[in-house]
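Q: sequence below, structure please.
(chains A and B)
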Amino acid sequence: MSEANLAAGHGAEAMEARPFAIPSKKLVMWLFIISDACTFGAMLFAYGYIKNAAADWPHPFENSSIMNALLMTFILVTSSLTILIATRHAKVGDKGKALMWTFITVVLGLAFAALHLKEWFGLIGAGVRLFQNPWGAPLFGASFFAITGLHLAHVVSGAIALTVVALGYKRGRYNSDDLEIWSLYWHFVDLVWMFVVPIVYLMNASAG
Amino acid sequence: MDSNQDSMTTDLVVYAVILLLACAQVFVLRGHLIPMLVVAAIQAYLAVMFFMHLRSEKSTLRLALIPVTLFVLVMMNMVWADSYRLIHMKPFAK
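A: All right, here's what the predicted structure looks like:
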């Protein structure tokens, strides 16, 4: 259909109503989220497969690591709450508070990343590499770093995306809908962590 | 969009419940895979429905997103039998 016909209103009756009643950008984000959920699902299933197939799977996570993971969970779930508050303020047009809560979310995301890296460096210091470790099945390192690394990459890229959208929102380039759409991504990152903790950390906690 | 329909109180209650469930995983259910996964699924449900506001979207969106995702994830469970084969049925096992 030509632009001229559209401009004249011809063919307007042929346009379908949006079946999901959401902006196309939001639908794209939802589609990305379900494809990403399948990616993480496949990685966690692959992790389970490798673990089942190994006779000497290590259980290296001591109580301090488990408490660190719980603290990371607390930070990430709290960041979900703060981005909700930011979106709520954006919806009523309170730009200042929306920006403040978005940046609090970004800081919490970076705190999560810092704790994650602390955990990584602890394991690397104990001798864990991609294909070797001091305790047993050599693929432990590869699977652990792959899953937590992919999640960490999501957190860092989410923090960057939220910063870009918040700055664009401040300048008027983006609106509250954009902030809400990226908050969906942030909640998804939180959701994935809820499965990573029990499967990767709690199932590999040391007996002591 | 209906995100503002949910009250702040609801968000806070959902936040507290998700954190309590996380504590239950760590302090009560640690090492028990199936109960921990059930709790994780409840946390995910709360996050999707309340934090991501899927419950206030049209049911067509829920129907378009949830069944296909669950189908893919359920079908992935076919790998488990093969994963145990590597330990119990490997060619040179004694």
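Q: packing partners of the longest helix along chain B?
A: Longest helix of chain B, by residue count under DSSP state H: helix B:8-27. Helices and strands in packing contact with helix B:8-27 are listed as helix A:63-91, helix B:33-46; criterion 3 or more CB pairs under 8 Å, 6 or more residues apart in numbering or on different chains; DSSP states H and E. C-beta coordinates here come from the backbone N, C-alpha and C atoms, glycine included.
Q: the same query, at a cut-off of 10 Å, please.
A: helix A:63-91, helix A:176-196, helix B:33-46 (3 or more CB pairs under 10 Å, 6 or more residues apart in numbering or on different chains; DSSP states H and E).
Q: where in the chain is pLDDT low?
A: Here I'm looking at chain A. Within chain A, the stretches with pLDDT under 70 are A:1-14, A:208.
Q: please refer instead to chain B.
A: Ranges of chain B meeting pLDDT under 70: B:1-6, B:86, B:89-94.
Q: point to the residue nearest the middle of it.
A: residue B:41 (2.6 Å; CA atoms, centre = their mean).
Q: residue B:65: which element?
A: When elements are assigned from DSSP states H and E, residue B:65 belongs to helix B:59-75.
Q: that helix to helix B:33-46, inter-axis angle?
A: 160 degrees (axes from the mean of the first three to the mean of the last three CA atoms, to 10 degrees).
Q: the closest residue to residue A:38 other than its chain neighbours: neighbour count?
A: Spatial nearest neighbour of residue A:38, excluding adjacent residues (CB to CB, 6 or more residues apart in numbering or on different chains): residue B:72 at 5.0 Å. Residue B:72 is flanked by 15 other residues according to other CB atoms under 10 Å in any protein chain shown.
Q: what sits against residue B:72?
A: Going by CB atoms under 10 Å, 6 or more residues apart in numbering or on different chains, residue B:72 touches A:34-35, A:37-38, A:41-42.
Q: do the same with residue A:24
A: Counting by CB under 10 Å, 6+ apart, residue A:24 has contacts residue A:18.
Q: what's the distance between it and chain B?
A: As judged by CB to the nearest CB, to the nearest Å, residue A:24 and chain B stand 13 Å apart.
Q: ok, now residue A:50?
A: From residue A:50 over to chain B (counting by CB to the nearest CB), the distance is 8 Å.
Q: ok, back up a step: just put the helices and strands packed on helix B:8-27 in TSV and tack on distance to residue A:162.
A: Output for those, formatted as TSV (distance: least, CB to CB, whole Å):
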stretch	distance to residue A:162
helix A:63-91	7
helix A:176-196	6
helix B:33-46	21
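Q: most tightly packed of those helices?
A: Among these, helix A:176-196 has the highest mean neighbour count (mean count of other CB atoms under 10 Å in any protein chain shown), at a mean of 24.
Q: doesn't residue A:59 lie inside a helix?
A: No - assessed by DSSP: H, G, I helix; E, B strand; the rest coil, residue A:59 does not belong to a helix; its assignment is coil.
Q: was I right about it contacting residue B:30?
A: No - the pair residue A:59 / residue B:30 is not scored as a contact, 11.5 Å apart, by CB atoms under 10 Å.
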